[in-house]
Structure formats: structure tokens, C-alpha cells
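K.L.:
Sequence isn't available, so here's the structure alone:
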């Protein structure tokens, strides 16, 4: 009797499995970065292409692929609804820009009391680079899971991305005085880089290219492109996570620093928790409905941590340890988003009706 051939999992089913267990896939990626960091470290470095002075930067290429796929999936019809009710979009965008300016100074003041020789400037620099980034595209996925206001979520991701060439360097410049020592000068360089090149070429242009392809391509060509780019975006996102994590987890495992790990988790949890909390409080104060309020809350707490990790890799390559709070924030914001989704589901769940007992006789 001939043995049965091994069953091959089709690509669409494999991608669906990855999406369903994304948290576990990210955890496996982190483990791989800790145990086998060498390929990730090799990919982090620029590689010559042989074309003039053009070099291949894998992290930026992967980030561009992820954002191109996000732009390609923007439901443009839903965005038209925002023209009639833009209040939630404008409120969410303003909160996304202003909330970090309220949270980070308080956290920096608390860290000044720590025994760290630079007053926790490394941790604060990492958090500044995270909160300055646009709303993470993953916010739209969590909004859909929680039956939130999808047009508002998509509009917030798109709007924060389009204004990022202005808002990212301004946020970095405003918060830069909170840092001590060499970090202040390095963050100023990062702000200059973010304003001149990074936010435009690595964030806005890939997303805009995806939206333009969705608008301009005929239906058949668009379907073919969606069938290629969208399935490639999720593996690219996981590979980008591996490349970013390999720069810090491998060396950290070889030379463990428990105090640094606890500090990174504490700072990331504080900034993430306060961002979500202020977003929720502001949504209630503005009297937004539950669906729009959930989208605004997610926009306040979810930032594109992958973009900040790439910016750290390109502008602060000699400070890989500050990637640790960035990785922690990336995980914690997903946990917090899951809580927002569950709270929204509970709020939208119809009350259980109990029948009153009827008396007899």
C-alpha cells in the first residue's frame, strides 16, 4: 500500500491561520530572534546593490511592503462617510498628536528620580520615537473585530500617515528637551531625518502608492495585485519584527540585564496604558458613540512601532538596547487593543431578558 502524500496547506489557509493566531506567531518570531539572531542582524545592515551609491535596506523595504499592502486595502467608499460626520476623525487625529505631549513629560520626570546615570533618557527616547509615529494600520483590524467605526479607523490611519512628515519631526523636536546627555543630540538628528526623508519615503509614499493603485488600476489588474501584495504583507510584517528584535534580543540573551528588562516593560506599560486611558476618557468627554469612541481610543494607543524600530535602526544603530521598550510597547498595545475590543463587545451585547415567574391559583 502506497503511503499517502503529505498534505500541503494552501497559502490562503496558511495566511488565515497566521491571522487567527497572530499573537502566537509574533511570540515565535521573538523566540527565533533570541535563539537565532544572526540572519536578522545580517538583514539589518545596508547591502550594496551595485547601482551607484544605492544600498538595500531590508527593514525599510519590509516596512514599505507592509504599508503598501495597507494602502491597497483602504476601503475608499467608507471614507466618503467621513465627509458627512468628520467630528470623530478630527478629534481622534488631534488626540493622537496631543496625548503623547501630555504623557511623556510626566514619565520623564518620574525617571529623573531613577538611579540611571542619564535619567532614563534611553527609555524616554524610545517612547518618544514610538508615540511620534502614525496610527498603526493594525488599528483597523482591531476595530473590525470589535464592531467599531471602521471608516473612522481607516481615516485616522490614513490621515495620521499623510501628516506624519510634519507631525513626526515636530513631536520629536518638542519632546527632545526632556532628554539628557548624548540622547538629546541623537534625537535631534532623528527628527531631522524623519522630517526630510523617513516619514515621506518610508511611510507616506508606500501607503499612497497602494491607494493610487486601488484608484487607478482596472478591476482585473487590481484583483491580481491584491492576490500578491496582501498575502505578502503579513509574512513581511513578521520578518520585520524578527529583524528588529534580533538586534536586541540576541545580545540580551547572551548578556542578560534583568533591571533593563523590567524598566523597559514598566515604561512601555505606563505609556501604553495612559495612552489608551486618556483616549477612552476623551472619547467619553466628547460624547462620541460607542463605535466611534472605540476607534478613537485605539488611535490614541496604537502607534506604528515597526516604523519607530526602523527609524531607531537607521539613526541609532549603536543603541540597540533602546529597541527593548519599543518591542514591549508593540506587544502591550495589542493586549490593550484586545481589551478595548472585548469591552466594546460587552457594551454592544443585548441584555439577557429573564421571564418573570407567573403566579398560579
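P.N.:
Now that the structure is in, tell me what you want to look at. Remember, it's a predicted structure, so these values are computed and weren't measured experimentally.

K.L.:
Quick check, residue 297 in contact with residue 281.
P.N.:
No - contact status for residue 297 versus residue 281: not in contact, 9.2 Å apart, counting by Cβ atoms under 8 Å. In short, each C-beta sits where N, CA and C put it, glycine included.

K.L.:
more neighbours, these two?
P.N.:
Neighbour count, other Cβ atoms under 10 Å: between residue 297 and residue 281, residue 297 has more, with 31 against 12.

K.L.:
Give me the below-cutoff pLDDT ranges for the stretch 151-300 of the chain.
P.N.:
190-199 (pLDDT under 70).

K.L.:
What does residue 304 show for phi and psi?
P.N.:
Backbone torsions for residue 304, taken as degrees, to the nearest 10, come to phi -80, psi 80.

K.L.:
is it true that it touches residue 135?
P.N.:
Yes - with contact defined as Cβ under 8 Å, residue 304 counts as touching residue 135 (7.2 Å).

K.L.:
What count of nearby residues applies to the spatially closest residue to residue 305 that is not a sequence neighbour?
P.N.:
Nearest residue to residue 305 in three dimensions, chain neighbours excluded: residue 330, at 3.9 Å (Cβ to Cβ, 6 or more residues apart in numbering). When neighbours are defined as other Cβ under 10 Å, residue 330 has 26 of them.

K.L.:
Let's test this: mean pLDDT of the helix or strand that contains residue 330, rounded?
P.N.:
Assessed by DSSP states H and E, residue 330 sits inside helix 323-348. Averaging pLDDT along helix 323-348 yields 80.

K.L.:
what does stretch 310-319 give?
P.N.:
Mean predicted confidence for stretch 310-319 is 75.

K.L.:
what sits against residue 276?
P.N.:
297, 300, 301, 336, 340 (Cβ atoms under 8 Å, 6 or more residues apart in numbering).

K.L.:
The host helix or strand of it: what's the following helix or strand?
P.N.:
Taking DSSP H and E as the criterion, residue 276 maps to helix 258-285. Remark: after helix 258-285, the chain's next helix or strand is helix 290-301, criterion DSSP H and E.

K.L.:
packing partners for that next one?
P.N.:
If you count contacts as 3 or more Cβ pairs under 8 Å, 6 or more residues apart in numbering; DSSP states H and E, helix 290-301 packs onto helix 87-111, helix 138-145, helix 150-162, helix 258-285, helix 323-348.

K.L.:
Could you report the neighbour count for residue 130?
P.N.:
Neighbours of residue 130 (other Cβ under 10 Å): 28.

K.L.:
All further residue positions should be reported with the first residue as 13.
P.N.:
Noted, 13 is the first residue going forward, which turns the last one into residue 142.

K.L.:
so what pLDDT did it get?
P.N.:
At residue 142, pLDDT is 91.

K.L.:
try residue 13
P.N.:
For residue 13, the predicted pLDDT is 43.

K.L.:
who wins for neighbours among the contacts of residue 288?
P.N.:
residue 309 (31 neighbours).

K.L.:
Could you tell me which helix of the chain is the longest one?
P.N.:
helix 231-266 (DSSP state H).

K.L.:
Taking their axis directions, that one and helix 270-297 sit at what angle?
P.N.:
140 degrees (axes from the mean of the first three to the mean of the last three Cα atoms, to 10 degrees).

K.L.:
what packs against helix 231-266?
P.N.:
helix 23-32, helix 34-47, helix 50-56, helix 70-84, helix 217-228, helix 317-327, helix 335-360.

K.L.:
quick one on the thing from earlier: can you pull the buried residues of the helix holding residue 288?
P.N.:
By neighbour count on 16 or more other Cβ atoms under 10 Å, the buried set for helix 270-297 is 272, 275-284, 286-292, 294-295.

K.L.:
so it versus helix 317-327, what angle?
P.N.:
130 degrees.

K.L.:
what angle separates helix 270-297 from helix 302-313?
P.N.:
Using the same axes, to 10 degrees: helix 270-297 against helix 302-313 is 150 degrees.

K.L.:
Distance from helix 270-297 to the middle of the chain?
P.N.:
14 Å (Cα atoms, centre = their mean, to the nearest Å).

K.L.:
what's the angle from it to helix 99-123?
P.N.:
150 degrees.

K.L.:
quick one, what contacts the most centrally placed residue in the chain?
P.N.:
With distances taken as Cα atoms, centre = their mean, the chain has residue 316 as the residue nearest its mean C-alpha position (2.7 Å). Contact analysis of residue 316 by Cβ under 8 Å, 6+ apart lists 145, 146, 147, 148, 149, 215.
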